[in-house]
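[1] What would the 3D arrangement of this be:
(chains A and B)
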Amino acid sequence: MVRLLQNIRHDIRVYRLTLGMQFRAAATLRAAFVIQIVGMMLNNSALIIAWLFLFNRFGTINGWSASELVGLQGINMLVFGMVMLLSVGILDLPRHVDQGSFDSFLTRPSSLLTQLASSNVDVSTIGDFLMGLGLTIWYIAHAHANATAIILFLALMLIGSVIFWSFTVLLPNLLAFYMFDSERLSRYFGFVFLDTSMYPTGVLTGSLRTVLLTAVPGLFVGAVQVDVLRGLHWSLVLLGLIVMALWLAFSLWLFRRAVRKYESANLVGAR
Amino acid sequence: MKATPSKLHERGVGQLTRRSSLRTYLDIIRASAREDSANARRLVAGVAVSVIRVGLIAAIYKVAYAHSAARTSLPYANALWSIAAYFAFILNLGIRNVFKIVDREVRTGVVEVGVIKPIDWRLYKICELLGKNGLEFLAQLIVLPIALLIFVGAPDMSHLTFLDSAAFVLLTLLAMIVASAMFLTVGLAAFWLQDAQPVYRILDKLTLVFGGAFVPIALLPHATQILVRYSPFGVYAAPTQLFNPQILPSLGPMVLAAVAWSAFLVFLCDRVWQRAMSKIEVNGG
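    From the prediction side, this is the model:
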């Protein structure tokens, strides 16, 4: 047990140091750094405006208005920003596997996932994070949420982040261990999940809503948080916990299994 | 030995370009398409993603049309067919992606090798892109209508005559010219800008907002519709207007606007290309 804790502490320290170094390296080109962040904010604003036209035309849809859409987009950006800021390196997994550079991760005395996660940074995700944070705070104030709702909301943010990580970061990229040149395919799978969480799917009812709460739980990355801020929904938080635990356990199990399929390419080069 | 591209152009490329025919460019499209067909899994996944996206948007619009008190002249099925046309024509045919190819080749210097070949480098890049995305686009043209017939049913096309349909074919060709010229010009900006991505992103997102990605142009506010219709973004998204029953009175002016924008953007692209050519030096030897 003590050994396990020591290992975890070591992995976190290595992860923190590597990620910090990556960010410092990215920040050396000041102008590009700022342009990428601002560019991503403009990009996100366009997405919001595009969907706002729907609410402008139809008014309130099944209890959802333009404010809920802004809240949803803000929460989605915040989750996306947090997850990608901390683990975007995992998206390079197909490239590492295809080119054989995955060997270098296997030979180091540290956790594979933390090594992969900190192997790259995407500066533009800071833009997602900052814009998401601003819009989420605005929506919390707008919804006049009470303390209990905010606590439930925070719990759901953690649940949503883990689900999002499993579905867009880890699971799609595991395809690399089963087929060659899977990068674009992985991205497609990630997009599908992203769409289910980013579109105003909170207005949906019936069987499609059930699917989006369990099999492809995109509603937990924005829509459920909005619903919780508008009124207490203990049952949704409980369901979220179960769904998160199941999908996380499955993702990690599949990852361990997939890594065993990897065959070294004996890549020779500086590491 | 060094030679400026303009001189190269005069000496050899110019003569050879004249010799290269339409057949050459068709061959480029065919060769690119063959390369793309090798990855069938990706092709299937690309089509599947579009079907899922359209299905999801269809579900959202079904609720919107059912629960909202607001009334609109655009039928539910037509709205979805219009959005699907955006996905197929703008996202999957992806002419806008010519920016990425041009930007990359300019920044890495590969363009230097391209300009000494006996074909027009700009047309070569567009043909390469059309070939690369053509198969997926054709697959979408077959699969998406079937999916839409299942999801939302057939659109109401009673407003279209043969002449209107011909006008839409012309508009689609002009849309391709406008998009090619617009995104090629932004890509060529890499000759002067350290990073042309922000400019591309702005144009790309304007296309998304005003092209009808999530909300068809026919559902935008009236004043915005008029503004969009005659802008280059509206011309690029003109094929999505095929399903808009209210578009017919504006069809003539739209074609005129498309012709004007095509002429202007092709002229601009050519000017930028000439300036860019005078900036590069090809290292021989």
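
[2] hey, let's count contacts and neighbours off CA atoms from now on
    Will do.

[3] And the pLDDT for the residue lying closest to A:R230 once chain neighbours are set aside?
    Nearest residue to A:R230, sequence neighbours excluded (Cα to Cα, 6 or more residues apart in numbering or on different chains): A:A143, at 6.0 Å. With respect to pLDDT, A:A143 has a value of 94.

[4] What is the burial count for A:A143?
    One way to gauge burial is a neighbour count; for A:A143, by other Cα atoms under 10 Å in any protein chain shown, it gives 16.

[5] How about B:A175?
    Under the neighbour criterion other Cα under 10 Å, B:A175 is assigned a count of 28.

[6] From what I see, it and B:V235 are in contact.
    Yes - with contacts counted by Cα atoms under 8 Å, B:A175 reaches B:V235, the gap being 5.4 Å.

[7] Tell me the residues that contact both of these two, please.
    Any residue near both B:A175 and B:V235 by Cα atoms under 8 Å, 6 or more residues apart in numbering or on different chains counts here, and that gives B:A258.

[8] Quick check: which ranges of the stretch 101-250 of chain B have low pLDDT?
    Screening the stretch 101-250 of chain B residue by residue with the criterion pLDDT under 70, one finds the ranges B:194.

[9] What separation do you get for the residue in it positioned nearest to chain A and B:R53?
    With Cα to the nearest Cα as the measure, the residue in the stretch 101-250 of chain B that lies nearest chain A is B:V209; the distance is 4.6 Å. Relative to B:R53, B:V209 is positioned 17 Å away (Cα to Cα, to the nearest Å).

[10] quick one on the thing from earlier: how far away is the residue of the stretch 101-250 of chain B closest to chain A from A:V123?
    Taken as Cα to Cα, the spacing of B:V209 relative to A:V123 amounts to 24 Å.

[11] Who has more neighbours out of those two?
    Relative neighbour count places B:V209 above the other of B:V209 and A:V123, with 25 against 22, counting by other Cα under 10 Å.

[12] So for that one, what's the nearest residue that isn't a sequence neighbour?
    Leaving aside its sequence neighbours, B:V209 is closest to A:A50 (4.6 Å, by Cα to Cα, 6+ apart).

[13] How many residues are close by that neighbour?
    Counted with other Cα under 10 Å, residues neighbouring A:A50 total 23.

[14] Also B:W81?
    For B:W81, using other Cα under 10 Å, the count is 27.

[15] quick one: it is in a helix?
    Yes - checked against DSSP: H, G, I helix; E, B strand; the rest coil, B:W81 lies within a helix.

[16] wait, doesn't it sit right on B:Q241?
    No - using Cα under 8 Å, B:W81 is not in contact with B:Q241, being 9.7 Å away.

[17] which neighbours do those two share?
    Applying Cα under 8 Å, 6+ apart, one finds that no residue jointly contacts B:W81 and B:Q241.

[18] so who does the residue nearest to B:M182 when sequence neighbours are not counted touch?
    In space, and not counting its chain neighbours, B:M182 is closest to B:L265: 6.2 Å by Cα to Cα, 6+ apart. If you count contacts by Cα under 8 Å, 6+ apart, B:L265 has them with B:178, B:181-182.

[19] check whether stretch A:201-210 contacts chain B.
    Yes - in terms of Cα under 8 Å from any Cα of the partner chain, part of stretch A:201-210 sits within range of chain B, namely A:201, A:203-204.
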